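>>> Output the structure for:
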Amino acid sequence: MTTEIAALTPDAPQPSLLVVCLCAAWCGVCRDYAPRFAQVQAKYPQATFLWVDVEDEADLLHPLDVEDFPTLLMATGPEPRFFGPVTPQLEMLDRLVKSQLDNAGAPALADPELAAVVARIRAKNTP
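As a prediction, this is how the structure comes out:
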C-alpha cells in the first residue's frame, strides 16, 4: 500500500524512459539515422538514449532477433513498452519518445525475455 501511495505522490520520481536503438555498424541506414537519434536525444534529456550494435552486443540482446534496421526498444523503468522496427525519420522517433513520456503508466509489453533484455541493458549502463 505504501508503494502505491508513493507512486501517486506528485513529487515521487517517475520511472526513467530508456530508448535503445538497435543497429549494426555495417548498415548505411543506421549510419544515416545516428544524427537524427542524437538530435532527439538532445531534445529529451530526461530520457536515457543508447545506441547498441546488435553484432557487438549479441550476448546482451539474446534472444532478441533484430532483422530490420533501425529497431527501437523503449522501456519505462524495468518494463518494456515498445519493441520493433521504425522508419528512420526524426519525426517518428520524436513522436514515439513523446508518447512514452506522456503515458508513463501505459501497460508494459507482456514478454519476459524482452523484460530480461531491458534489465541487462540497464544493469550494463548504470554507473
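>>> going forward, measure contacts between C-alpha atoms and count neighbours the same way
Fine.
>>> Mind listing what's buried along the longest helix anywhere in the chain?
Criterion DSSP state H: the longest helix present in the chain is helix 28-43. By 16 or more other C-alpha atoms under 10 Å, the buried positions in helix 28-43 come out as 30, 33, 36-37, 40-41.
>>> Turn these into JSON lines, including pLDDT and distance to Val118.
Conversion of the buried residues of helix 28-43 to JSON lines gives the following (pLDDT from 0 to 100; distance: C-alpha to C-alpha, whole Å):
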{"residue": "Cys30", "pLDDT": "96", "distance to Val118": "21"}
{"residue": "Tyr33", "pLDDT": "97", "distance to Val118": "22"}
{"residue": "Arg36", "pLDDT": "97", "distance to Val118": "23"}
{"residue": "Phe37", "pLDDT": "97", "distance to Val118": "19"}
{"residue": "Val40", "pLDDT": "97", "distance to Val118": "21"}
{"residue": "Gln41", "pLDDT": "97", "distance to Val118": "19"}
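>>> before we move on, the earlier item: can you name the residues in contact with the longest helix of the chain?
Applying C-alpha atoms under 8 Å, 6 or more residues apart in numbering, the contact partners of helix 28-43 are 23-25, 47-49, 69-70, 88-90, 93-94.
>>> What of stretch 119-127?
Contacts to stretch 119-127, defined as C-alpha under 8 Å, 6+ apart, come from residues 60, 78.
>>> one more time with 10 Å, if that's ok
By C-alpha atoms under 10 Å, 6 or more residues apart in numbering, the surrounding residues in contact with stretch 119-127 are 18, 20, 48, 50, 52, 57, 59-61, 75, 77-80, 113-118.
>>> how about the strands in the chain?
According to DSSP state E, the chain carries its strands in the segments 17-23, 47-53, 71-76, 79-85.
>>> Just put the contacts of helix 28-43 in CSV and tack on neighbour count, distance to Gln100 and pLDDT.
Shown next, in CSV, are the contacts of helix 28-43 (neighbours: other C-alpha atoms under 10 Å; distance: C-alpha to C-alpha, whole Å; pLDDT from 0 to 100):
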residue, neighbour count, distance to Gln100, pLDDT
Cys23, 26, 21, 96
Ala24, 20, 25, 95
Ala25, 13, 27, 93
Ala47, 17, 10, 96
Thr48, 16, 12, 96
Phe49, 19, 13, 97
Phe69, 20, 21, 96
Pro70, 21, 18, 96
Pro88, 18, 18, 95
Gln89, 12, 17, 95
Leu90, 15, 16, 95
Leu93, 19, 11, 97
Asp94, 17, 10, 98
